[in-house]
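Engineer: sequence first, predicted model second:
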Amino acid sequence: MRRGHFSLNDLPAWCVLNDVAFVDVKVADLSDRGYGLVAEKDLPVVNEDDKFEPHALLTIPKELVLSAEGVAEYARENKEFRQLLDVAGHQSTRGDILLFLLVQLVLSSPDYEGGHGASTPWTQYFSLLPMQVPVPTMWTESELPLLKGTSLEVRFHEDQEIRQDISAKQSAVSAKLSVLTKEFDNLRAKAAELPYWNELLSIDEAITVQDWVLLDALYRSRSLGLPKSGESMVPCLDLVNHSTQANAYFDENSKGEVVLYLRKSCAVTCGSEITIDYGRDKSPAEMLFSYGFIDPDSTARSLVLPLVPLDDDPLGPAKLHVFSTPPKLKISRDETGIPQWSAPFVYLMCLNEEDGLRFRILQETDGSRHLGMFWQDTDITGAPNTIKDHIRSHRLHPIFELRAVTVVLDIINRQLEQLEQLTDNQDGDGVPGLARLAIGQATLHLRSLETFLLSESLQVFDDQRDRLLQNDAVVEYLKSMERDQNDVTAETANYEEDFS
């Protein structure tokens, strides 16, 4: 659907009409960084020890905050939206906010003929939001292959609905697009009983799945967690860019207003940009997936890879079923900068019935049945993530650790092999000619960061395996395994018949 027009020059008047207060700052076009907030003068420095209130730079009234409460309030005022929300909403805050944005898309469009709900301050503001968001779900077919070999190429998605639709590993981008398509199809089916929305979604097809993908991208890249209101979108505050060296932060005051404050001890000169921290602990892949960029100054270095049971493990499906959440391997650096890995499911991958892992069908008092998982007769069905704690006291614990780190090393080696496969048709800068330069550079940066972390981890975890191989219990266990194998070989040879 065609977008309405609302320029940056129109924003000051909109803010006056809706009681949005800027103090010593203004919105500006920062070229490669898009819109942003800059200081109109040198801002006073407040020391950490001072008892003065922090300097408020921006205040947004509670009525403009697009949260679960805001959506409910709008539903009470707008019959058309209430009907749509009743048939297709009330599943999640994100879903309800996307439906609200969908209505604003319609109300702000020059194609809208009126008569289906009054406009709100968000109706105009929505037209200021970009038509393109540089997140991977909005990349072109020539840009998506740039993710090849990265942790974004293949991973299980965290969303329960996505996991129900995916039976095997699938790229995070493909998984997300699949779910967005399913959401849009469900929306059209549920809205079929509403004449106006059925006409827009199914008959005229004025609203397409591409519109829904855009709304999701806007939500993911602009929503933030408020202390009281929870996950929300806040007009004007969503124009503030990210920095790990942020000089401002946001909060909610006693009136429910969202306020942007200057951090204490921060010196901001006239013309300098005001920034907030989107999440300093987010991995480069997560930043690229959610926001469309990687912060070059970020010190967060981690990645997440999917886990699947070993090919020859007959208990693999049962382990996945009981684990319930998407099994994943997280590699990160500890406080000293040394790589470490975390993956409870890796230990399950390495255990079998001979070790003491059992599965049973359990029947509840109401007659229902479910699959239970036991370790040494201890029921751990409800806490599969604690398997590492349970095996710690076992006499074969060093063996289990050796198996686990060996599996992790194998995963890292395979991931590094994929990363080392260079993308075809690259120009002198290493960016395919059909890809946008910023996206090409971002993916190259991601590949570089993940390659370095995996290479460093390979060395550290290989040293861990070597130390385990020198453990007395491990040495004795391997010797006993070798003796058993020799006995089997000798026994087989004794009974071998000569058919010559």
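Structural biologist: Alright, I've got the coordinates.

Engineer: mind listing the strands for the stretch 1-150 of the chain?
Structural biologist: Ranges of strands within the stretch 1-150 of the chain are 21-22, 25-29, 35-39, 56-60, based on DSSP state E, counting those that start in this stretch.

Engineer: turn the ones you listed into a markdown table, columns for mean pLDDT and mean neighbour count.
Structural biologist: Any C-beta I mention is one placed from the backbone N, CA and C, and that applies to glycine too. Below are those laid out as a markdown table (pLDDT from 0 to 100; neighbours: other Cβ atoms under 10 Å):
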| stretch | mean pLDDT | mean neighbour count |
| --- | --- | --- |
| strand 21-22 | 97 | 16 |
| strand 25-29 | 94 | 16 |
| strand 35-39 | 95 | 19 |
| strand 56-60 | 97 | 21 |
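
Engineer: list just the one of these that sits closest to Arg280.
Structural biologist: strand 35-39 (18.9 Å; Cβ to Cβ).

Engineer: who touches that closest one?
Structural biologist: The contact list for strand 35-39, computed with Cβ atoms under 8 Å, 6 or more residues apart in numbering, reads 8, 24-30, 57-58, 239-241, 260, 268-275.

Engineer: each with direction, which strands does it pair with?
Structural biologist: strand 25-29 (antiparallel), strand 273-276 (antiparallel) (DSSP bridges).

Engineer: all helices for the stretch 1-150 of the chain, in order.
Structural biologist: Under the criterion DSSP state H, counting those that start in this stretch, the stretch 1-150 of the chain contains helices at 11-17, 68-77, 79-88, 93-108, 121-126.

Engineer: the third one: which residues count as buried?
Structural biologist: Spelled out, it's helix 79-88. 80-85, 87-88 (16 or more other Cβ atoms under 10 Å).

Engineer: could these be laid out in a markdown table, adding pLDDT and distance to Ala68?
Structural biologist: Shown next, in a markdown table, are the buried residues of helix 79-88 (pLDDT from 0 to 100; distance: Cβ to Cβ, whole Å):
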| residue | pLDDT | distance to Ala68 |
| --- | --- | --- |
| Glu80 | 87 | 20 |
| Phe81 | 92 | 14 |
| Arg82 | 93 | 15 |
| Gln83 | 93 | 19 |
| Leu84 | 94 | 16 |
| Leu85 | 96 | 11 |
| Val87 | 95 | 18 |
| Ala88 | 95 | 16 |
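
Engineer: okay if I get the residues you listed as JSON lines plus distance to Gly372?
Structural biologist: Converted to JSON lines, the buried residues of helix 79-88 look like this (distance: Cβ to Cβ, whole Å):
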{"residue": "Glu80", "distance to Gly372": "49"}
{"residue": "Phe81", "distance to Gly372": "46"}
{"residue": "Arg82", "distance to Gly372": "45"}
{"residue": "Gln83", "distance to Gly372": "45"}
{"residue": "Leu84", "distance to Gly372": "43"}
{"residue": "Leu85", "distance to Gly372": "40"}
{"residue": "Val87", "distance to Gly372": "39"}
{"residue": "Ala88", "distance to Gly372": "37"}
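
Engineer: quick check, nearest of the residues you listed to Leu310?
Structural biologist: Distances from Leu310 to the buried residues of helix 79-88, taken by Cβ to Cβ, are shortest for Ala88, at 41.7 Å.

Engineer: circling back: quick one: closest of the helices of the stretch 1-150 of the chain to Thr386.
Structural biologist: helix 93-108 (30.4 Å).

Engineer: buried set for that closest one?
Structural biologist: Neighbour counts over helix 93-108 (16+ other Cβ under 10 Å) mark 93, 95-108 as buried.

Engineer: shouldn't Glu456 be in contact with Gln340?
Structural biologist: No - look at Glu456 against Gln340 with Cβ atoms under 8 Å: they stay out of range, at 11.2 Å.

Engineer: give me the mean pLDDT for stretch 138-152.
Structural biologist: For stretch 138-152, the mean per-residue pLDDT is 90.

Engineer: what's the burial count for Pro339?
Structural biologist: Using other Cβ atoms under 10 Å, Pro339 has 20 neighbouring residues.

Engineer: how near is it to Met349?
Structural biologist: 20 Å (Cβ to Cβ, to the nearest Å).

Engineer: alpha carbons only: can I get stretch 229-246 in PDB?
Structural biologist: The C-alpha trace of stretch 229-246 is given here as PDB (Å, rounded to 0.1, in the frame of the first residue of the first chain):
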ATOM      1  CA  SER A 229       5.100  -0.400  30.100                       C
ATOM      2  CA  GLY A 230       7.200  -3.300  28.800                       C
ATOM      3  CA  GLU A 231       7.800  -3.800  25.100                       C
ATOM      4  CA  SER A 232       6.800  -0.600  23.300                       C
ATOM      5  CA  MET A 233       7.400   1.800  20.400                       C
ATOM      6  CA  VAL A 234       7.900   5.400  21.400                       C
ATOM      7  CA  PRO A 235       7.700   8.200  18.800                       C
ATOM      8  CA  CYS A 236      10.700  10.500  18.500                       C
ATOM      9  CA  LEU A 237      12.700   8.300  21.000                       C
ATOM     10  CA  ASP A 238      12.900   5.700  18.200                       C
ATOM     11  CA  LEU A 239      14.900   8.300  16.200                       C
ATOM     12  CA  VAL A 240      17.800   8.200  18.700                       C
ATOM     13  CA  ASN A 241      20.700   6.100  17.400                       C
ATOM     14  CA  HIS A 242      22.800   3.500  19.100                       C
ATOM     15  CA  SER A 243      26.300   3.600  20.600                       C
ATOM     16  CA  THR A 244      28.100   1.500  23.100                       C
ATOM     17  CA  GLN A 245      29.400   4.800  24.500                       C
ATOM     18  CA  ALA A 246      25.900   6.200  24.900                       C
END
